[in-house]
Structures are given as structure tokens and as C-alpha cells.
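Undergrad: next one to model:
(2 chains)
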Amino acid sequence: MGRIVYAAAMSHVLYPDYYGQNVGPHGRQMVEALIAVVREMGQMLAAAAPDALVVIADDHLNVFSFDAIPAFCVRVGRSVNRMVQDDAIEFDRALEGLPERYPVHEDLANAILETGMQSGFDFAASWSAPLDHAFLSPVSTLYGHRPVPPLVPFWVNCFVTPQPTARRCYAVGRHFARVIAEGPWNVAVIATGGLSHFPELSLARVGQSDPVFDRRIVKLMEAADHESLAALTAKELHESGSHELLNWLVLLGAVSPARARVRFFGEMGRVDLAALEWNVA
Amino acid sequence: MSRYETNVVLYRLKKDPAFRDRFRADPRGALADADLTDEERDAFARWDARKLNELGGSLHLLISIPGLGGH
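TA: Below you'll find the model as predicted:
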């Protein structure tokens, strides 16, 4: 019987230069402190020796276009490439130098997809979607030079309305928990993104975060009040700039009823940064 | 469905360097065939990113078009 051997969620722009340029020295220092914590978390993750690492993240209109935006997409196939694009924006440019290809845990990915379809989750599947910073910034920071285990990348549509509901994301996580429990593998699960930034996805409001909302969310996760988190509305997520919390809601469903432990919380202003672990052992 | 067309143009600007070059040299010419309203077309021609955002243009596209991003 399989189990979740490690679970965490964290912000996914782990680049000091980006915050140095866009926020200033305190932004740079804050993200450097977060990176140090994420590296420590990576030691815990590597020590848990997962057979597979599920990464729940979102697309920034890098992979999917307005031709079709899946609400949820499982990356299947044998391997997955790092996204390469000419003139990439700064935090995707920072992926240069990382390995170009990562293994996919094909059996777990297929199990999530196939049993999902059988039980009412109409997931999209991709055999070709590459990974951008939302996946590889946390993975590369967690693992450093250690070998990365086979991945199961999973996309949630966080940014193009209408998004899936918080409750539906949580239900997807419950599905992950069932698949993992029924399988033979030890699995690590991470969710990425957040905390609040880009409220209302408004260009005029870039630079603002919602620390009151973020404090409340983190407390709910510490208290394992998953019902309150699953009840968050699209309006609340949109107005506070917490769109990427949908990734975290999938993870919450997977680890429920575990409580979160805050490893890092920082109110930067442009975005609030966090890294949390769940007591799954 | 202009929100769609606006984002299709933004996505092309992000992903298609040749189209981006044509747009920078001659915005109205590059967009001649795009199904945009006059208001959207004007916002593109002026490269008024906030206006495009207000008209439904994706923030993540607007901030990630090489040479035109920034905010």
C-alpha cells in the first residue's frame, strides 16, 4: 500500500534578481531567506526517498493558449522537457542551465488520469507539455544537484476564467490520496505558487499583496481547517490575488486531515512568500 | 468574442518573434486581419498595456512579451 511520504507547498519564483529588480533589497533578502528554507526542506524530501514526486502548479500561458485551457491536466508519457523559449521572461530565463529532460512516473500519472476519469474527474492529458518556472524553480531548489525522482506534473487552471472551484481542487486532491493509497508507491506531493499577488489580475495593481488574507489562510492550514479553505470563493481568490492557492487546495485534499507547519512566511508587499510542510509521516 | 482575439494577438506577440517584429515596425499593419474592435486596435497601436488589460487582455501575457512587457 502506497503512502504520501512528504508534502509541502511553496512560492515558485525563487529568484533573488527578480525581486531585487522589482522590489528592492528587502525583496531580494526575503527570497534568499526563503530559498535557504526550501533547500532545508529539500533535505527532508530527499531523505524521504519518494518513488515519485507529484508537482501541482499552474500555467502562465506558456504551455496552453486560448485555443484550449484545461481546468486540470495530467502530464503523462515517459519524460518531460524543461520549457525553452527565445526571449523568455526573467524567471523562466533562470531555468537555463537546468537539465533539459526529466523522467515522468508513467504508472502513477496514468493511474491518476485513468482512475480519475472512471470516478468523474474529466482530466485533460498531455504527452508534450513542457515545464516552466512554476514547476522547475521549486524542484530545482529542493533537489539542488541531487537526482530528481520521476515526476507527475499536474496543471491547474489558476488564471483564465472560469477557473475550477476551490472545492473541486480539494476533491481532486482527495482523488490523489486514494490513488496513492491504492498504489505501491511512496509519493511526495508539492504544490507551488502564491501567496497573494497580482490582485484581480490587474496590471494597475501589480505590486500589491493582501497580507491579511494570507495570514488568515496560513492559520487555516495550520489548524487543518480544510472546510473553510475549500469554501473559498472565486471572488475572494481573485480580489486578493490568491489564484494560485488552487494548486495548494489540491495538495490539501491529498494530505487531509494533516496540519501544516509553517517553515517560512514573509510579507514582501509585491507578493507574500511562504513555504509550508504537512505532517504526513 | 474580442477577449479571445485580444489574447490571441498577445499570445502571438509572446511566442512568434517574426510577428512581434512586424508589430513593432507597423502595429496597425500587423493587426490588419485581426478581429478587434477599434478600441482594442487603438490600445495595441499605442501599446497601452493597462488598457489592453482592462479590455480583457491576460496580465500574464502582458508582462511577458519580450521587449514589450514590463510594468
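
Undergrad: and stretch A:96-110, anywhere near chain B?
TA: No. Judged by CB under 8 Å from any CB of the partner chain, stretch A:96-110 stays clear of chain B, getting no closer than 14.8 Å. For the C-beta atoms, the positions are set from N, CA and C on the backbone; glycine is no exception.

Undergrad: distance between that stretch and the chain's centre?
TA: Distance, stretch centre to chain centre, for stretch A:96-110: 16 Å (CA atoms, centre = their mean, to the nearest Å).

Undergrad: likewise for stretch A:23-36?
TA: Using CA atoms, centre = their mean, the offset of stretch A:23-36 from its chain centre is 20 Å.

Undergrad: let me know the average pLDDT across that stretch.
TA: In this model, stretch A:23-36 has an average pLDDT of 96.

Undergrad: shaky segments in chain B?
TA: Residues of chain B meeting the criterion pLDDT under 70: B:1-2, B:69-71.

Undergrad: can you show me the helices along it?
TA: B:2-15, B:17-25, B:27-30, B:38-46, B:49-54, B:59-62 (DSSP state H).

Undergrad: so which of those is nearest A:Arg178?
TA: Of all the helices of chain B, it is helix B:59-62 that lies closest to A:Arg178, at 32.5 Å by CB to CB.

Undergrad: contact residues of the stretch 51-200 of chain A facing chain B?
TA: Counting by CB under 8 Å from any CB, the stretch 51-200 of chain A sits next to chain B at A:60-62, A:65-66, A:85-89, A:159-160, A:198.

Undergrad: from those, which would you call buried?
TA: Among these, those classed as buried by 16 or more other CB atoms under 10 Å in any protein chain shown are A:His60, A:Leu61, A:Asn62, A:Ser65, A:Phe66, A:Gln85, A:Ala88, A:Ile89, A:Phe159, A:Val160, A:Phe198.

Undergrad: is it possible to export the residues you listed to JSON lines including pLDDT and secondary structure?
TA: Formatted as JSON lines, those follow (pLDDT from 0 to 100; DSSP: H, G, I helix; E, B strand; the rest coil):
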{"residue": "A:His60", "pLDDT": "92", "secondary structure": "coil"}
{"residue": "A:Leu61", "pLDDT": "92", "secondary structure": "coil"}
{"residue": "A:Asn62", "pLDDT": "91", "secondary structure": "coil"}
{"residue": "A:Ser65", "pLDDT": "91", "secondary structure": "strand"}
{"residue": "A:Phe66", "pLDDT": "89", "secondary structure": "coil"}
{"residue": "A:Gln85", "pLDDT": "75", "secondary structure": "coil"}
{"residue": "A:Ala88", "pLDDT": "72", "secondary structure": "coil"}
{"residue": "A:Ile89", "pLDDT": "72", "secondary structure": "coil"}
{"residue": "A:Phe159", "pLDDT": "96", "secondary structure": "coil"}
{"residue": "A:Val160", "pLDDT": "95", "secondary structure": "coil"}
{"residue": "A:Phe198", "pLDDT": "96", "secondary structure": "coil"}
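
Undergrad: who are the contact partners of the spatially closest residue to A:Pro70 that is not a sequence neighbour?
TA: Spatial nearest neighbour of A:Pro70, excluding adjacent residues (CB to CB, 6 or more residues apart in numbering or on different chains): A:Ala124 at 3.4 Å. Taking CB atoms under 8 Å, 6 or more residues apart in numbering or on different chains as the criterion, A:Ala124 is in contact with A:Pro70, A:Ala71, A:Phe72, A:Cys73, A:Val74.
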